[in-house]
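In: What shape does this take:
(one chain, ligands or ions: 1)
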Amino acid sequence: MTRSTIRWTLAGCVALAALGAAAMFCVAPATADETGSVTSTVTDPVGDSYFPFSTGDNQSPHAAPFLGFVGARLTRKANGDFEMQMEMASPVPAEPPLPQNGVKEIWWFWIFDLDPATRPSGYPWKGANGRPPEFMVCVRWDGAAFSGTAIDRRPLLTGGEAIVHSVPFSIDGTKVRACLAHELIGDIPASFGWGPFTFLWKGPVESEGVHFADYCETGGVFNP
Ligand SMILES: [Ca+2]
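Out: The predicted structure follows:
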């Protein structure tokens with residue numbers, strides 16, 4: 001884990017609990033198949049998710065296994081499109097319950113840390129703290145509908161605004177998937193950090209009111 005990732009982890013006090021649960025993980029190397037697709041996979045412990053607003057005690061492992069991923073993969077196809085998948089510990093409900101205490105959105109998302117030396121500040125957060133991902137792909141539930149969103153945070157590095165796109169997604173039992181067309185991310189480094197995460201937005205999106213529901217302690221390295 002890089003130091004920048006540790007700082008990101010510690011951005012929320014709830015995330016401290018995740019650090020203690022990082023005992024079992026493995027990261028498989030990226031593999032290429034005959035179609036030219038390259039896939040990187042990560043696994044994550046079962047039962048290390050937490051549901052900070054469900055009971056008020058901030059520690060409820062297993063309370064929401066549909067927020068806890070047990071593995072994820074990122075595939076770059078030969079045409080440059082990306083396919084993302086996250087496998088949850090239990091099927092995602094058709095209408096997931098929002099936690100108590102005013103959680104407004106649940107996100108299942110994958111980050112692309114395209115440059116380990118940069119930490120864009122801004123959307124979907126609001127404060128001045130920078131975060132590692134230059135790009136994010138999210139499957140979102142706002143209590144009424146699911147949607148798929150790609151967030152290009154690279155313009156934030158030069159004083160611009162993040163660019164938000166709609167992207168295809170699917171939820172099939174325990175599998176959450178999304179697709180990212182090459183033209184939405186463009187040419188990027190051949191090797192970069194990535195990882196799956198889940199978020200609970202207590203504040204509105206574009207605030208600092210967000211907590212990890214599950215955290216990929218190690219992340220992956222695509223095409224190392
Ligand atoms: Ca970065």
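In: you'd agree D81 is up against L180?
Out: Yes. With contact defined as C-beta atoms under 8 Å, D81 reaches L180; the gap is 6.6 Å. Using the backbone N, CA and C atoms, a C-beta is placed for each residue, glycine as well.
In: Of the two, which one has the most company?
Out: L180 (23 against 16; other C-beta atoms under 10 Å).
In: any idea how far that one is from A213?
Out: Distance from L180 to A213, counting by C-beta to C-beta, to the nearest Å: 22 Å.
In: before we move on, what SS does M84 have?
Out: Under DSSP: H, G, I helix; E, B strand; the rest coil, M84 falls in the strand class.
In: partners of it in the sheet?
Out: Beta-bridge partners recorded for M84 (DSSP bridges): L74, A178.
In: Can you give me the neighbour number for it?
Out: 24.
In: same thing with G127?
Out: 11.
In: residues contacting the closest residue to it other than its chain neighbours?
Out: Nearest residue to G127, sequence neighbours excluded (C-beta to C-beta, 6 or more residues apart in numbering): E208, at 4.7 Å. Applying C-beta atoms under 8 Å, 6 or more residues apart in numbering to E208 gives the contacts 125-127, 129.
In: Can you pick out the most distant pair from those residues?
Out: K126 and N129 (9.6 Å; C-beta to C-beta).
In: Looking at the two now, which is surrounded by more residues?
Out: K126 (16 against 13).
In: can you confirm that one is in a helix?
Out: No. Applying three-state DSSP, one finds K126 to be coil, outside a helix.
In: That one against V210, yeah?
Out: No. Contact criterion C-beta under 8 Å: K126 and V210 do not qualify, at 10.0 Å.
In: which helices and strands does the host helix or strand of G195 pack with?
Out: Here G195 sits within strand 192-201, counting by DSSP states H and E. Packed against strand 192-201 by the contact rule (3 or more C-beta pairs under 8 Å, 6 or more residues apart in numbering; DSSP states H and E) you find strand 38-43, strand 69-76, strand 105-113, strand 210-215, strand 220-222.
In: Apply 7 Å and report the result again.
Out: Where contact means 3 or more C-beta pairs under 7 Å, 6 or more residues apart in numbering; DSSP states H and E, strand 192-201 is packed against strand 69-76, strand 105-113, strand 210-215, strand 220-222.
In: That one close to the ion?
Out: No. Taking C-beta under 5 Å from the ion as the criterion, strand 192-201 and the ion are apart, separated by no less than 7.8 Å.
In: so for that strand, what's the average pLDDT?
Out: Average pLDDT, strand 192-201: 94.
In: got the contact list for it?
Out: 40, 42, 52-53, 67, 69, 72, 74, 86, 99, 103-114, 116, 209-216, 219-222 (C-beta atoms under 7 Å, 6 or more residues apart in numbering).
In: Who are the contact partners of G71?
Out: Counting by C-beta under 7 Å, 6+ apart, the residues that G71 touches are 41-44, 87.
In: go on, E206?
Out: 123-124, 126.
In: give me that answer again for 10 Å
Out: Taking C-beta atoms under 10 Å, 6 or more residues apart in numbering as the criterion, E206 is in contact with 122-126, 162.
In: Tell me which of those residues has the lowest pLDDT.
Out: K126 (94).
In: now the chain, which segments are flagged as low pLDDT?
Out: Where the chain drops to pLDDT under 70, the residues are 1-31, 50-63, 100.
In: That one: strands as residue ranges?
Out: Secondary structure of the chain, counting by DSSP state E: strands at 27-32, 38-43, 69-76, 82-88, 105-113, 135-141, 146-152, 163-166, 169-172, 175-180, 192-201, 210-215, 220-222.
In: Many thanks, I have nothing further to ask.
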